[in-house]
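In: sequence unknown, structure follows:
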């Protein structure tokens, strides 16, 4: 990807985004979410847990439907309105022309470490479901496509959405 395309998708400073992600989780939910994720780990294999978390993300998208958008900036704006209302951080959308895919950079998603997943990387599967749900609601969406996370660090997630070139 060229530097010009990268500039469009730069999130907040990673340390700031990670801090906001940890801070943004209400204390009354931390133990519950940690217990939930650890219980899923006890009863499901890694792919089973990821599939369940993607389904939860999809339900979240269904609960926060977006209007049809014909411009990328409008879609990003509506996504950020929904994310802001849920206190789930924010996103930036960009197009990677060379790889023929949409890039989603999400900053400040809730981060709760659980079990062996101290950085809260389980949230990546939720993000795949959330963005997959939102993108599938848009006109011309291809049901065979699903976002795939390629970076998941405290305070930042990056997803790609498109056909392999």
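Out: Here it is on my side, so go on. Since the model is a prediction, treat every value here as computed from it, not as a measurement.
In: hey, let's count contacts and neighbours off CA atoms from now on
Out: Noted.
In: what average pLDDT does stretch 72-83 get?
Out: Mean per-residue pLDDT for stretch 72-83: 97.
In: what ranges in the chain fall below the confidence cut-off?
Out: 1-25, 164-165 (pLDDT under 70).
In: what about the strands in it?
Out: 90-96, 101-107, 148-153, 156-162 (DSSP state E).
In: at which residues are the helices of this protein located?
Out: In the chain, the segments counted as helices under DSSP state H are 3-8, 14-23, 27-43, 46-63, 72-85, 123-136.
In: now find how far off-centre the third one is within its chain.
Out: Chain-centre distance of helix 27-43: 19 Å, with Cα atoms, centre = their mean, to the nearest Å.
In: identify each buried residue in that helix, please.
Out: If you call a residue buried by 16 or more other Cα atoms under 10 Å, then helix 27-43 has these buried ones: 30, 34, 37, 38, 40, 41.
In: so which residue is smack in the middle of the protein?
Out: Geometric centre of the chain, nearest residue: residue 127, 2.8 Å, by Cα atoms, centre = their mean.
In: so it sits right up against residue 59, yeah?
Out: No. With contact defined as Cα atoms under 8 Å, residue 127 does not count as touching residue 59 (11.3 Å).
In: redo the buried residues of helix 27-43 as a markdown table? Include distance to residue 113.
Out: A markdown table is the format used below for the buried residues of helix 27-43 (distance: Cα to Cα, whole Å):
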| residue | distance to residue 113 |
| --- | --- |
| 30 | 9 |
| 34 | 7 |
| 37 | 9 |
| 38 | 10 |
| 40 | 14 |
| 41 | 13 |
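In: state the distance from the residue nearest to the centre of the chain to residue 56.
Out: 9 Å (Cα to Cα, to the nearest Å).
In: again, but for residue 28
Out: Taking Cα to Cα, one finds residue 28 at 20 Å from residue 56.
In: kindly report the same for residue 105.
Out: From residue 105 over to residue 56 (counting by Cα to Cα), the distance is 20 Å.
In: and what of residue 98?
Out: Distance from residue 98 to residue 56, by Cα to Cα: 32 Å.
In: who's more crowded, these two?
Out: residue 56 (18 against 9; other Cα atoms under 10 Å).
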